[in-house]
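Compute the structure for the input listed below.
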Amino acid sequence: MTTARREETPRRAARLVLVLLVLVVGAEGRPAFAADGCATRDDLAEPCFRMRGRAALYNGNPTVRIWRVGTRRLLGVSASRCVPPACEPLPADLRRALDWEHPVFADFTLCPLTPRRPGVMQMVCIAAAANLRRGPDPSH
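Numbers count the residues shown, from 1 in each chain. Model prediction:
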């Protein structure tokens, strides 16, 4: 396999993951997001909050996770129960910037889908992401 082909494979995988995130259908078979976004969902566990964090793609479920800067906590971005076009699991600018080689730092507005519990990854949806900055490849 040529070097160019090896470099394309992770990018294709990242695109596939993002497409799958968009296509995931929830257990109830209906969108849990309202047409205008995550913050108006009817299944939020707590009020939405803002924080600085780093979004990255991970192997496993959930694929998109956000590290809250200054902590050891990871939040999982839930794409379940999200049916486009009524909702999108990631804001468009974040979706374009995020890939397997580059995490994205941003000021996020997150809405909790599960209660906060010590030692358990809290699931959230992303209402907004501002001040995006692509980070370096974490493997280098």
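
Under the pLDDT cut-off, which ranges of this structure? List them.
Counting by pLDDT under 70, the ranges of the chain that qualify are 1-36, 81-87, 137-140.

quick one, helices of it?
Along the chain, counting by DSSP state H, helices occupy 3-23, 92-97.

Remind me what the last one packs against, helices and strands.
Okay, so that is helix 92-97. Using 3 or more CB pairs under 8 Å, 6 or more residues apart in numbering; DSSP states H and E, the elements in contact with helix 92-97 are strand 104-112, strand 122-134. For the C-beta atoms, the positions are set from N, CA and C on the backbone; glycine is no exception.

Could you pull out the buried residues of it?
With burial defined by 16 or more other CB atoms under 10 Å, the residues of helix 92-97 counted as buried are Leu94, Arg95, Ala97.

And the contacts of that helix?
Helix 92-97 has contacts (CB atoms under 8 Å, 6 or more residues apart in numbering) with Leu18, Ala55, Glu88, Val104, Ala106, Ile126, Ala129, Leu132, Arg134.

please redo it, this time with the cut-off set to 7 Å
Helix 92-97 is contacted from outside by Leu18, Ala55, Val104, Ala106, Ile126, Ala129, Leu132, Arg134, using CB atoms under 7 Å, 6 or more residues apart in numbering.

Show me which of these is closest to Leu113.
Proximity of the contacts of helix 92-97 to Leu113 (CB to CB) peaks at Ile126, which lies at 11.1 Å.
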